Structures are given as structure tokens and as C-alpha cells.
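*Asks:* What would the 3D arrangement of this be:
(one chain, ligands or ions: 3)
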Amino acid sequence: MSAVKKIAVLTSGGDSQGMNAAVRAVVRSAIFHGIEVYGVQRGYQGLLNNDIFSMDIRSVGDIIQRGGTILQSARCLEFKTLEGQQKGAAILRERGIDGLVVIGGDGSYQGAAKLSALGIKTMGLPGTIDNDISFTDYTIGFDTAVNVVVDAINKLRDTMSSHERSSVVEVMGRHCGDIALHAGLASGAETILIPEVPYDLNEVADRMRQNFEHGKRHSIVIVAEGVGRGEDVADALKERYPSIDPRVTVLGHIQRGGSPTPFDRNLASRLGDFAVRKLIEGDSNKACGVINGQLVATDIEKVVKTKKDFNMEMYELAQRLSQ
Ligand SMILES: Nc1ncnc2c1ncn2[C@@H]1O[C@H](COP(=O)(O)OP(=O)(O)O)[C@@H](O)[C@H]1O
Ligand SMILES: O=P(O)(O)OC[C@H]1O[C@](O)(COP(=O)(O)O)[C@@H](O)[C@@H]1O
Ligand SMILES: [Mg+2]
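*Replies:* Numbering: from 1, shown residues only. Ligands and ions are numbered 1, 2, ... in the order given. Predicted coordinates for the structure are as follows:
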């Protein structure tokens, strides 16, 4: 006997590649288990607007390969208030919807926790490119975003080496350096500036000068947006070492677009199905993730309170290899 009869799914916060694959998995897994499933348009904003529609097997056809989210996403201030949350829970209850899968980041998770306290069974799926969610090794969209960054840096390397120039590349990651770190190691960047590790621009400039003196004619500096603007880092480096004259590239929202990698599609598919099975078992207020390849469900409060471990070993390796 399933603990839920009708469930809904929404995507919220910054979108990420693979959200569609997750929506597809939720819808098809629910239908497979004989549960009715609804889509909520535009995250919590759509919930408050009662923008909810019935979904079937075909409504998620031909989306596994598409970036963005067919359900669209939004940020909704009203939902941060108790009145907003009560209104959302009442709308779901009136429709007989007793379970909700929320695909989003830490903010969206907190909304899911509030709904759970109001009697709606909720499951969170980590949909964000930042990889800033604890109790999961990876978030849906992170792998694709890293691929976008590495692809861009490959292109930059071509022109930078032709002109013996340095490049400062600003990447996303509001409070988390994972995109910068993973893309930095994979693309052989000389310098990776991230919020988790303090840095000294004098040292960075000195290192670039030493490298130049030892025959290195171009270099890549990756700056996670959580550290500051790439433009400011470039100005500061030029001030300290005028002959560098770096060019700045801000990758911006390009990193949130494009077809999800097979890794992200598979992660999303596994997590979407897992969330539905957890709801069927009667579980609620959980964040679904994958740790060492195993699917796990952790209390949302614990997840939002815990800062994700930073991989210092990987950071040090990137430094050692980029002499
Ligand atoms: N503390 C909270 N309580 C209830 N809802 C919240 C809370 N924080 C965020 N939300 C909802 O989740 C939405 C997305 O959160 P946000 O932090 O912008 O993105 P993300 O989920 O990607 O971290 C917010 O616009 C809001 O509607
Ligand atoms: O889409 P916006 O509002 O410009 O937000 C940009 C932010 O969203 C992200 O892409 C993803 O962050 P969230 O998952 O928390 O929404 C960050 O890397 C970036 O700082
Ligand atoms: Mg967030």
C-alpha cells in the first residue's frame, strides 16, 4: 500500500541541466507505481498561483536530453512567509495531492521542509550547478556545467597561447568553489581562486612572474564568483605585474545551459525514481543524494545546516600539477 496517492513535482531556484531528466523520472516512476502525478509550473510561485496540471507518460517525452526545465523555475519571496507556506499546503490539499518532489537548491529545500511540517510529504532533489549541497557527492547539473567551463577554457587556451597572454576566467558558484576546482584541475589552470581557500594576490602575481621567467608564456586564472569579479582580479594582478595584461572572460549563464551530460541524466534519473519510492514508503522531509554511488535520503534540516565538505586534496593536487 502506497503512503501517497497523488504527488506533484516542481523545479525551483536557479535551473540546472538535468532537471528535465529528473522530472521525467519522477513522472514515469510515479505512473509505474500507479500514482497520479502533477506538474507545478514556476516553482513555489506557480504553487501559490495554483498553476498545477496533470502529467502523463507522454508529457515528459523528448526532454531527457534538454537543458533548462519544462516546468520552468522561479524565486518566490512570498513562499518564505508562513502565510505563503500555509497557502501552498492548502492548495495541494484541496487537490488531494499528498506528496511533493522539489528539485532545486538549498533554498528550495527549506521550502520543502516547511511544507512537510504542514502535512505534505516532501522529497528534495539536488538541482543546482553549484554542487553546494551536503550529503550528496554531486548535484544534478554540476557535471554539465564543469564540461561547459572546460570546453570554454580549451578554446581560450588556443588564442591565449598564440598571443602569449594570460586569461582570467570567472565561473559561477555563489558560495562554493567546486565548479572552479573541478574545471580548473581538468583544464590545467595555473591558479584557482575559490571561497574555501584564502589567497594572496601578491603571491599569485609573483608565481605568474616566476613562471614567465621559467619560460611559461600564458596562464589561466579561474575565479569563482563567490570570491569576487574576474575583472577586479585582473586589474589587481596587472597592478602588481603590469606586463601580464590578462584578458577576462565571464562565462555567466552559459554554464547553466546545454544538453545534460550522460552523468547528469543518469544521476537525475536515479534520484527521481528514488524520491518517488521514498514517498511511497511514507518518508518525508528528506533530501535525496548519492554518496559513493549509493542512493541516500537525509533529513532536510541536517542537509541545509551542514556545509559541504571541501576537497582540499584535489585543490592541492591542482596546485602541484600546474607549475
Ligand atoms: N527559508 C525558506 N523558507 C521557505 N521557502 C524558501 C526558503 N528559502 C528559499 N525558499 C524558497 O525557495 C526558492 C528558491 O530558493 P533559492 O535560494 O533562490 O534557490 P535554490 O533553491 O537554488 O538555492 C525561494 O525563492 C523561495 O521561494
Ligand atoms: O540566475 P541568477 O538569479 O542570475 O542566479 C545566479 C546564481 O545561480 C547559480 O547559477 C545557481 O545557484 P542556486 O542553485 O542557488 O540558484 C549560482 O551559481 C549563481 O550565483
Ligand atoms: Mg542556493
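*Asks:* The residue of the stretch 1-150 of the chain found nearest ligand 3: how many residues sit nearby?
*Replies:* Going by C-beta to the ion, ligand 3 is nearest to residue 105 of the stretch 1-150 of the chain, at 3.3 Å. Bear in mind the C-beta positions are built from the backbone N, C-alpha and C, glycine included. Residues near residue 105, counting by other C-beta atoms under 10 Å, number 24.
*Asks:* and what of residue 35?
*Replies:* Neighbour number of residue 35 under other C-beta under 10 Å is 19.
*Asks:* For it, which residues are in contact?
*Replies:* Applying C-beta atoms under 8 Å, 6 or more residues apart in numbering, we find residue 35 in contact with 2, 4, 5, 6, 7, 276, 280.
*Asks:* Setting aside sequence-adjacent positions, which residue approaches the second one most closely?
*Replies:* Of all residues beyond its chain neighbours, the one nearest residue 4 is residue 99 (3.8 Å), with distances taken as C-beta to C-beta, 6 or more residues apart in numbering.
*Asks:* List the residues that contact the one you found.
*Replies:* Contacts of residue 99 by C-beta under 8 Å, 6+ apart are 3, 4, 6, 7, 8, 120, 121, 122, 123, 279, 284.
*Asks:* Try it again at 6 Å.
*Replies:* Applying C-beta atoms under 6 Å, 6 or more residues apart in numbering to residue 99 gives the contacts 4, 7, 121, 279.
*Asks:* so what's residue 226 closest to, chain neighbours aside?
*Replies:* Of all residues not flanking residue 226 in the chain, residue 195 sits nearest, at 3.9 Å (C-beta to C-beta, 6+ apart).
*Asks:* give me the element the one you found is part of.
*Replies:* Assigned by DSSP states H and E, residue 195 falls within no helix or strand.
*Asks:* Buried residues, stretch 51-69. List them.
*Replies:* Of all the residues in stretch 51-69, those buried under the rule 16 or more other C-beta atoms under 10 Å are 51, 52, 55, 60, 63, 64, 66, 67, 68, 69.
*Asks:* And stretch 247-263, by the same measure?
*Replies:* Within stretch 247-263, the residues that qualify as buried are 248, 249, 250, 251, 255, 256, 258, 259, 260, 261, 263, counting by 16+ other C-beta under 10 Å.
*Asks:* Check the offset of that stretch from the chain's centre.
*Replies:* 12 Å (C-alpha atoms, centre = their mean, to the nearest Å).
*Asks:* Could you tell me the end-to-end distance of it?
*Replies:* Using C-alpha to C-alpha, to the nearest Å, the end-to-end distance of stretch 247-263 comes to 32 Å.
*Asks:* now do stretch 294-305
*Replies:* End-to-end for stretch 294-305, by C-alpha to C-alpha: 22 Å.
*Asks:* And the contacts of that stretch?
*Replies:* Counting by C-beta under 6 Å, 6+ apart, 106, 109-110, 113, 124, 134-135, 274, 278, 285-289 sit against stretch 294-305.
*Asks:* just to revisit the earlier point, now the contacts of residue 35: which count as buried?
*Replies:* Here, 16+ other C-beta under 10 Å leaves 2, 4, 6, 7, 276, 280 buried among the contacts of residue 35.
*Asks:* From the rest of the structure, what touches the helix or strand bottoming out on mean pLDDT in the chain?
*Replies:* Ranked by mean pLDDT, DSSP states H and E, the weakest helix or strand in the chain is helix 201-213, scoring a mean of 91. Applying C-beta under 6 Å, 6+ apart, the contact partners of helix 201-213 are 191, 219, 236, 237, 240, 241, 244.
*Asks:* in that helix, what's buried?
*Replies:* In helix 201-213, counting by 16+ other C-beta under 10 Å, buried: 201, 204, 205, 207, 208, 211, 212.
*Asks:* next helix or strand past it?
*Replies:* Beyond helix 201-213 in the direction of the C-terminus, DSSP H and E gives the next helix or strand as strand 219-224.
*Asks:* Tell me what angle that next one forms with helix 201-213.
*Replies:* Counting by axes from the mean of the first three to the mean of the last three C-alpha atoms, to 10 degrees, strand 219-224 lies at 160 degrees to helix 201-213.
*Asks:* Isn't residue 123 up against residue 100?
*Replies:* No - at 7.6 Å, residue 123 does not count as touching residue 100 under the criterion of C-beta atoms under 6 Å.
*Asks:* Show me what the helix or strand hosting residue 87 is packed against.
*Replies:* Assigned by DSSP H and E, residue 87 belongs to helix 82-94. With contacts defined as 3 or more C-beta pairs under 6 Å, 6 or more residues apart in numbering; DSSP states H and E, the packing partners of helix 82-94 are helix 43-48.
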